[in-house]
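Q: here is a sequence with its predicted model. Questions after.
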Amino acid sequence: MTIINNPPPTSNSSDTSAKPQPRNSYPLSSSSFSIVLENRLSSRSETLEEIHLEAAIDAQLTKVPSNNSAAAVSGTNSRPIIAVVSQEEKNVIFDDYTNPNAVSNCLSPYVPSESKRIDRFLKILSSSRHAGKDGQKNLLLDIGCGDGRVCIAAAKVTGCKSVGIDVSPPCIAMARAIAEEEGLDEDQCVFYELDATIDPSVLLSDSSPISQVLKSVTIVFLYTYPTLLTRLVPLLSALGRYNLRAVITLTYHLPEHQVVLEEVDQEHELQIYSRVLLTDRMEDEV
């Protein structure tokens, strides 16, 4: 395992303007792009944070599908909506009000990743150790992608294909809008409204519209609260049977007994895992 204590940066990008720029005018270095994107999305992020928080509260107080029972798929092939349909109704406080943005399994708040941490992640993604093999580019998956800025930055700066999934409709709507503003099509960067805590056998089944996408993922990025993070272990473990090479977590990390930890970046609060296990790591090694 490698532990990295990075020295403080010696310089900052000179372009910190909050004004939107033409989508093709960004200098495509990771730091400059991440900072410009962060600044120009600042006010929209604040609005999205309010919408997301209100929806999370309403999800506890009003009628929404619960997280039991089977999965249902709707939407188009390129933009499926995968959610859990309840067979039982929960007790609610307000039964005469519905928030269309309120969904079940909203287990992590919307908190955008800081540009300096995105910058560091992109450097890891572009390193020889984690770059695509045999000339193949990485396929990045961001679970709980929020406004999609990590996926968008990765697609623009490293050229990899990026896939973001989030259970929140307004998050996915904003992510798609920003990707379009940046001139990215769905072959470069695509977002799905999806509940990633569904049984992996459903998500990876032949009938799932995103099965092949998930099986092709090489790198997973996670910046989510532990309330969601621990429930992603089954999916992360299942993806390890296909093309997944690394899982990278920011700030909140996976249980030590269920991972093979490869690297720790203490300054940027990043951890890199080569494997995620359903069983205890010690039992797996016996």
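A: Nice, I can see it. Numbers count the residues shown, from 1 in each chain.
Q: what stretches of the stretch 101-250 of the chain score poorly on pLDDT?
A: Low-confidence regions of the stretch 101-250 of the chain, defined by pLDDT under 70, span residues 101-105, 132-135.
Q: let's go with 90 and repeat that
A: 101-109, 126-137 (pLDDT under 90).
Q: all helices of it, in order?
A: Per DSSP state H, counting those that start in this stretch, the stretch 101-250 of the chain carries helices over the ranges 115-126, 149-158, 169-181, 200-203, 211-216, 226-229, 233-239.
Q: pick the most deeply packed of those helices.
A: helix 149-158 (a mean of 25; mean count of other C-beta atoms under 10 Å). For every residue, glycine as well, the C-beta is placed using N, CA and C.
Q: that one vs helix 115-126, what angle?
A: Calculated by axes from the mean of the first three to the mean of the last three C-alpha atoms, to 10 degrees, helix 149-158 forms an angle of 50 degrees with helix 115-126.
Q: still on that earlier bit, what's the closest of the helices of the stretch 101-250 of the chain to K137?
A: K137 lies closest to helix 149-158 among the helices of the stretch 101-250 of the chain, at 7.9 Å (C-beta to C-beta).
Q: check which helices and strands the closest one sits against.
A: Applying 3 or more C-beta pairs under 8 Å, 6 or more residues apart in numbering; DSSP states H and E, one finds that helix 149-158 makes contact with helix 30-40, helix 115-126, strand 139-143, strand 161-166, helix 169-181, strand 189-194.
Q: make a markdown table out of these and add distance to Y252.
A: Conversion of the helices and strands packed on helix 149-158 to a markdown table gives the following (distance: least, C-beta to C-beta, whole Å):
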| stretch | distance to Y252 |
| --- | --- |
| helix 30-40 | 20 |
| helix 115-126 | 13 |
| strand 139-143 | 12 |
| strand 161-166 | 16 |
| helix 169-181 | 18 |
| strand 189-194 | 20 |
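Q: which helix in this protein has the most residues?
A: Secondary structure of the chain per DSSP state H: the longest helix is helix 42-61.
Q: for that helix, name the packing helices and strands.
A: helix 169-181.
Q: which residues sit against the helix it packs on?
A: Contact with helix 169-181 is made by 20, 23, 41, 44, 48, 51-52, 55, 100-101, 103, 110, 145-149, 151-152, 155, 164, 166, 189, 191-193, as judged by C-beta atoms under 8 Å, 6 or more residues apart in numbering.
Q: can I get it as PDB, trimmed to CA atoms?
A: Extracted in PDB, the C-alpha atoms of helix 169-181 (Å, rounded to 0.1, in the frame of the first residue of the first chain):
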ATOM      1  CA  PRO A 169     -34.000  13.600 -11.100                       C
ATOM      2  CA  PRO A 170     -32.800  17.200 -10.800                       C
ATOM      3  CA  CYS A 171     -29.200  16.100 -10.400                       C
ATOM      4  CA  ILE A 172     -29.300  14.000 -13.600                       C
ATOM      5  CA  ALA A 173     -31.100  16.800 -15.500                       C
ATOM      6  CA  MET A 174     -28.400  19.300 -14.500                       C
ATOM      7  CA  ALA A 175     -25.600  16.900 -15.300                       C
ATOM      8  CA  ARG A 176     -27.000  16.300 -18.800                       C
ATOM      9  CA  ALA A 177     -27.400  20.000 -19.400                       C
ATOM     10  CA  ILE A 178     -23.800  20.800 -18.400                       C
ATOM     11  CA  ALA A 179     -22.400  18.000 -20.500                       C
ATOM     12  CA  GLU A 180     -24.300  19.400 -23.500                       C
ATOM     13  CA  GLU A 181     -23.000  22.900 -22.800                       C
END
